[in-house]
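Chemist: Sequence unavailable; structure follows:
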């Protein structure tokens, strides 16, 4: 999904507080405030975490901190009372580059604004997957753009959509990643909160040693799960077939079993468009089917909750969309979506909408 530094979290939080105090001025500098919205409201952000630890060592973990064995099988039903409905049905993906002025790329066309969510809802989208936090200089304090993120969250709810906030951890500093996930969990805009949080597990560059990266991923996932018991968490993952057959050196020994208890829903990135040149799995039906079955096999649960993500939309065809949807339905996926909203054509949206659960 997103493959795009960071500043000190403490200084970022301070900067964010200052930014919220002058939200209307910031918004005026970036764009005219959306119709019907003003800067009189701002997201209520949590207090800074009690500890912002220094960046952990990248050396291999000692035996006392190594990842636990994956010899046991864990069933993957959500905890009683944990609402997973935000992952059900047709979804749409929006990343920071789609809506935040700080990330604007003119060649990609106009940015999305909150009013665009009206058309999204009209297309049958039930859930907006919004990249609402990032770990870089352009998102001080974690939140991509406090005013716009809040406006998108509120507008989506007003249109009857649910909103899942997603975040890409980089694992160089687990405390920083955890702080950003907490910000998403505690974000509140006039009573509007995220209906779920999804962790985009794909970044490898900052921690090239896969054993150490696995340890940090497990640590982050377990800690966030332990303190976020009432909210459904999603794991955005590479499909096992990619890691085991197509590119076995890409992320060796991915810790499926060790993550099983931390996530309620699994969102495999079955991006057939990115492997078509190197594998017969470039067929969307085959890749989506294998991706789902691989999750079931690795997690040992035939009733696994899966939301399939196909992509990338602007390099896929209408026939690809139809094959992807057919596979997702046959695999009993609770929902499906394409990456991403801005790059999906009108004709492709018609296919998605006509097949929306």
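Modeler: Everything's here; your move. What you see is a predicted model; the values in this text were computed from it and never measured.
Chemist: After the longest helix along the chain, which helix or strand is next? Please name it.
Modeler: In the chain, taking DSSP state H as the definition, the longest helix is helix 210-227. With elements assigned by DSSP states H and E, the helix or strand that comes after helix 210-227 is strand 233-237.
Chemist: Check which strands are paired with that following strand and give the direction for each one.
Modeler: strand 196-200 (parallel), strand 265-270 (parallel) (DSSP bridges).
Chemist: tell me the most buried of these?
Modeler: strand 265-270 (a mean of 27; mean count of other C-beta atoms under 10 Å). To be clear about C-beta, it is placed using only N, CA and C from the backbone, and glycine gets the same treatment.
Chemist: Beyond it, next helix or strand please.
Modeler: helix 284-299.
Chemist: Give me the angle between that following helix and strand 265-270.
Modeler: 140 degrees (axes from the mean of the first three to the mean of the last three C-alpha atoms, to 10 degrees).
Chemist: Which elements pack onto the longest helix of the chain?
Modeler: Applying 3 or more C-beta pairs under 8 Å, 6 or more residues apart in numbering; DSSP states H and E, we find helix 210-227 packed against helix 174-186, strand 196-200, strand 233-237, helix 256-259.
Chemist: Now for residue 345, how many residues are close by?
Modeler: 14 (other C-beta atoms under 10 Å).
Chemist: ok, it - contacts?
Modeler: With C-beta atoms under 8 Å, 6 or more residues apart in numbering as the criterion, the residues that contact residue 345 are 313-314.
Chemist: Hmm, residue 290 and residue 281 touching each other?
Modeler: Yes: proximity of residue 281 to residue 290 meets the contact threshold set by C-beta atoms under 8 Å, at 6.4 Å.
Chemist: Next, show the common contact partners of the two.
Modeler: Shared contacts of residue 281 and residue 290 (C-beta under 8 Å, 6+ apart): residue 241.
Chemist: just for this structure, where's the confidence low?
Modeler: Residue ranges of the chain with pLDDT under 70: 1-81.
Chemist: Not counting residues beside it along the chain, what's closest to the residue nearest the centre of it?
Modeler: Among the residues of the chain, the one closest to the centroid is residue 166, at 3.2 Å (C-alpha atoms, centre = their mean). Closest residue to residue 166 apart from its sequence neighbours, by C-beta to C-beta, 6 or more residues apart in numbering: residue 198 at 4.2 Å.
Chemist: Same question for residue 351.
Modeler: Nearest to residue 351 is residue 321, by C-beta to C-beta, 6+ apart, at 4.6 Å.
Chemist: Assumed that neighbour was part of a helix.
Modeler: Yes: membership of residue 321 in a helix is supported by DSSP: H, G, I helix; E, B strand; the rest coil.
Chemist: just checking, residue 341 touches residue 112?
Modeler: Yes: assessed by C-beta under 8 Å, residue 341 is found in contact with residue 112 at 7.4 Å.
Chemist: of those two, who's got more company?
Modeler: Each of residue 341 and residue 112 has its neighbours counted (other C-beta under 10 Å); residue 341 has more, 25 against 18.
Chemist: Please report how far the closest residue to that one other than its chain neighbours lies from residue 338.
Modeler: Counting by C-beta to C-beta, 6+ apart, residue 341 lies nearest to residue 92, which is 4.3 Å off, once chain neighbours are set aside. Look at residue 92 and residue 338: by C-beta to C-beta, to the nearest Å, they are 8 Å apart.
Chemist: now swap in residue 231 and tell me
Modeler: From residue 231 over to residue 338 (counting by C-beta to C-beta), the distance is 25 Å.
Chemist: Comparing these two, which residue is more hemmed in?
Modeler: It is residue 338, of residue 231 and residue 338, that has more neighbours when counted by other C-beta under 10 Å, with 28 against 18.
Chemist: Name the SS class of the more buried one, please.
Modeler: Strictly by three-state DSSP, residue 338 counts as strand.
Chemist: rewinding a little: what sits against the residue nearest to residue 351?
Modeler: 284, 310, 338, 348, 351-352 are the contacts of residue 321 under C-beta under 8 Å, 6+ apart.
Chemist: what's the answer for residue 269, then?
Modeler: Counted by C-beta under 8 Å, 6+ apart, residue 269 has contacts 1, 202, 236-239, 309, 311, 339.
Chemist: now, which of the residues you listed sits nearest residue 141?
Modeler: Distance to residue 141 across the contacts of residue 269 (C-beta to C-beta) is lowest for residue 1, with 21.7 Å.
Chemist: on that earlier part again, pull up the overlap in contacts between residue 341 and residue 112.
Modeler: Joint contacts of residue 341 and residue 112 (C-beta under 8 Å, 6+ apart) are 94, 98.
Chemist: need the strands for the chain, in chain order.
Modeler: Ranges of strands in the chain, per DSSP state E, are 89-94, 127-131, 162-167, 196-200, 233-237, 265-270, 307-311, 335-339.
Chemist: Which strands border the last one, and is each parallel or antiparallel?
Modeler: Pointing back at strand 335-339 there. strand 89-94 (parallel), strand 307-311 (parallel).
Chemist: Tell me the buried residues in the shortest one?
Modeler: In this case it means strand 307-311. Within strand 307-311, the residues scored as buried using 16 or more other C-beta atoms under 10 Å are 307-311.
Chemist: Show me which of the contacts of residue 321 is closest to residue 153.
Modeler: Minimum distance to residue 153 across these is 21.6 Å, recorded for residue 338 (C-beta to C-beta).
Chemist: Correct me if wrong: that closest one contacts residue 309.
Modeler: Yes: look at residue 338 against residue 309 with C-beta under 8 Å: they come within range, at 7.3 Å.
Chemist: Need the overlap of contacts for the two.
Modeler: residue 93.
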